[in-house]
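**Student:** Predicted coordinates and the sequence they were generated for:
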Amino acid sequence: MIKRAIQQRIEEGLSELPVVQYAWLESSELIFSERVRDICRKECPRYGTSWACPPGVGTVEQCREKCGQYEGMFVFTTIAEVSDIENMEETLRTRHGHEHITGQIRALFADCGLDTLALSGDSCARCEKCAYPDGACRYPDSMIPCIEGYGIVVPLLAEKAGIEFENGRNIVTWFGLILWR
Ligand code: SF4
């Protein structure tokens, strides 16, 4: 469980960021499923193109083990309004703001001396062209993998956290996760 003083310090920092909802949970509350990985494989164009996506992130079991090395987790959402949520290009363009906020939240944890693993709603797009698979990741300490790519069932995570999975028509809801120890 996170120390009260550290939680307060992080929440003070959060009050200055456009976070919609957040919750503090134990890392053991994460639920993983091979079915999520199947969806990545069959439906996501990022599959097999990045160190932040499967299979580059490892098997679901390896991802579960990695998350299990952290004591607790912080889950949060940000939202972005689009003119047409069915327009994937427009929807995906809004992810950069969320990635930026995820990095800022991770920095709040780091400032409190905590080691973190951050996961976000989409895979890392830091480099114009990912080094995968020919070279190692250029920024392994700061790249942010995709939550679903880890095999995490996000609707169940939202339910456990008491966080809305959707926030209305033409509103994109992005999830972020900071595992800490
Ligand atoms: S930091 Fe660059 S090399 Fe590493 S996962 Fe992200 S895009 Fe790929």
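**Tutor:** Good, I have the coordinates.
**Student:** wait, doesn't residue 63 sit right on residue 148?
**Tutor:** No: using C-beta atoms under 8 Å, residue 63 is not in contact with residue 148; the gap is 10.7 Å. Using the backbone N, CA and C atoms, a C-beta is placed for each residue, glycine as well.
**Student:** Now do residue 66 against residue 96, distance only.
**Tutor:** Applying C-beta to C-beta, to the nearest Å, the value for residue 66 to residue 96 is 25 Å.
**Student:** And residue 18, by the same measure?
**Tutor:** From residue 18 to residue 96 the distance is 13 Å (C-beta to C-beta).
**Student:** How about residue 48: what's its closest non-neighbour residue?
**Tutor:** residue 55 (6.5 Å; C-beta to C-beta, 6 or more residues apart in numbering).
**Student:** do residue 37 as well
**Tutor:** The spatially closest residue to residue 37, leaving aside those adjacent along the chain, is residue 151, at 4.9 Å (C-beta to C-beta, 6+ apart).
**Student:** Residue 9 now?
**Tutor:** Counting by C-beta to C-beta, 6+ apart, the residue nearest residue 9 is residue 112, at 5.9 Å.
**Student:** So what sits opposite the most centrally placed residue in the chain in the bridge?
**Tutor:** Centroid check for the chain by C-alpha atoms, centre = their mean gives residue 120 as the closest residue, at 2.0 Å. Assessed by DSSP bridges, residue 120 has beta-bridge partners residue 146, residue 176.
**Student:** who's in contact with it?
**Tutor:** 95, 98, 99, 102, 144, 145, 146, 147, 174, 175, 176, 177 (C-beta atoms under 8 Å, 6 or more residues apart in numbering).
**Student:** Nearest to residue 72, out of those: which one, please.
**Tutor:** Among the contacts of residue 120, residue 177 lies closest to residue 72 (C-beta to C-beta), at 11.0 Å.
**Student:** What count of nearby residues applies to the residue nearest to that closest one when sequence neighbours are not counted?
**Tutor:** Spatial nearest neighbour of residue 177, chain neighbours left out: residue 119 (4.3 Å); criterion: C-beta to C-beta, 6+ apart. Using other C-beta atoms under 10 Å, residue 119 has 26 neighbouring residues.
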